[in-house]
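*Asks:* no letters, just coordinates:
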């Protein structure tokens with residue numbers, strides 16, 4: 001596989017992880033695990049930053 005294809009695959013994986021994380025936030029909000037929401041949002045923030053940086057890197061390769 002080429003570097004571009006590998007990075008595009010990673011980008012897809014990050015997108016899927018962000019979707020699953022969002023679903024996790026929805027499932028714990030308002031439950032006894034509600035105190036976990038802040039941590040999950042922090043994780044989401046870092047993953048979104050990584051996804052943006054990865055997208056910029058992929059664009060530079062093209």
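*Replies:* Perfect, I can see it now. On a predicted model such as this, the values are computed, not experimentally measured, just so you know.

*Asks:* helix, strand or coil for the residue in the chain sticking out farthest from the centre?
*Replies:* Note on the chain: the largest C-alpha distance from the chain mean falls to residue 32, namely 24.5 Å (CA atoms, centre = their mean). Classification of residue 32 using DSSP: H, G, I helix; E, B strand; the rest coil returns coil.

*Asks:* phi, psi for it please.
*Replies:* phi -70, psi -10 (degrees, to the nearest 10).

*Asks:* which regions of this structure sit below the pLDDT cut-off?
*Replies:* Applying pLDDT under 70 to the chain picks out no residues at all.

*Asks:* now with 80, please.
*Replies:* 1, 62 (pLDDT under 80).

*Asks:* what are the buried residues along stretch 4-18?
*Replies:* 7-8, 11, 14, 18 (16 or more other CB atoms under 10 Å). Placement of C-beta: from N, CA and C, glycine included.

*Asks:* typed the wrong thing, it's stretch 29-48
*Replies:* 37, 40, 44.

*Asks:* surely the first one and residue 27 touch.
*Replies:* No. Residue 37 is not in contact with residue 27 according to CB atoms under 8 Å; the separation is 10.3 Å.

*Asks:* before we move on, which element is residue 11 in?
*Replies:* Using DSSP states H and E, residue 11 falls within helix 3-28.
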